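> Generate a structure from the sequence data that follows.
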Amino acid sequence: MAKILTIQISDELEQSLILQAQRLNKSPEQVVLELLSQQLPPVVQSQAEVQTEDDPILKLIGSIHLEGISDLGENHDYYIGQALYRELHPDE
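Next up, the predicted model:
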């Protein structure tokens, strides 16, 4: 949803904005929106989403055979270690 933002700027800044808009054949509002879009980072929805995106364990989902394992939540480190060991030592 679009919002209206009202700001006060100096006369000098207004003149610079108008000149830049004319050079680009755009409205001053378009120039300000483009500058803001370039300078501001995207909005992050929640800290949980950031943690989920950066979680290296997510890459392992589906890589562990779970037949007969009912305590993965409590002992996940053990099972991940076992899976990695088997992967690194296939002849044993």
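
> what about Lys26, which helix or strand?
Per DSSP states H and E: Lys26 is located in neither a helix nor a strand.

> go on, the one 10 residues further on?
Leu36 is part of helix 28-39, with elements assigned from DSSP H and E.

> Which neighbouring elements make contact with that helix?
On a contact count with 3 or more Cβ pairs under 8 Å, 6 or more residues apart in numbering; DSSP states H and E, helix 28-39 meets helix 11-24. From N, CA and C alone the C-beta is placed, and that goes for glycine too.

> ok, Val31 - how many residues close by?
19 (other Cβ atoms under 10 Å).

> Please report the distance of it from Gln22.
Distance, Val31 to Gln22, by Cβ to Cβ, to the nearest Å: 10 Å.

> got it, and Tyr78?
Relative to Gln22, and taking Cβ to Cβ, Tyr78 is found at 67 Å.

> The strand or helix carrying Gln82: which residues count as buried?
Gln82 is part of helix 72-88 when elements are defined by DSSP H and E. Neighbour-count burial for helix 72-88, with 16 or more other Cβ atoms under 10 Å as criterion, is recorded at Tyr79.

> Can I get it in PDB, CA atoms only?
What follows is helix 72-88 as a C-alpha-only set of coordinates in PDB (Å, rounded to 0.1, in the frame of the first residue of the first chain):
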ATOM      1  CA  LEU A  72      15.900 -36.600  16.400                       C
ATOM      2  CA  GLY A  73      14.800 -33.300  18.100                       C
ATOM      3  CA  GLU A  74      16.700 -34.200  21.300                       C
ATOM      4  CA  ASN A  75      19.700 -35.900  19.700                       C
ATOM      5  CA  HIS A  76      20.000 -34.200  16.400                       C
ATOM      6  CA  ASP A  77      23.800 -33.400  16.800                       C
ATOM      7  CA  TYR A  78      24.500 -37.100  17.400                       C
ATOM      8  CA  TYR A  79      22.600 -38.100  14.300                       C
ATOM      9  CA  ILE A  80      24.100 -35.400  12.100                       C
ATOM     10  CA  GLY A  81      27.500 -36.500  13.300                       C
ATOM     11  CA  GLN A  82      26.800 -40.100  12.500                       C
ATOM     12  CA  ALA A  83      25.500 -39.200   9.000                       C
ATOM     13  CA  LEU A  84      28.600 -37.000   8.300                       C
ATOM     14  CA  TYR A  85      30.900 -39.800   9.500                       C
ATOM     15  CA  ARG A  86      29.200 -42.400   7.200                       C
ATOM     16  CA  GLU A  87      29.600 -39.900   4.300                       C
ATOM     17  CA  LEU A  88      33.300 -39.400   5.000                       C
END
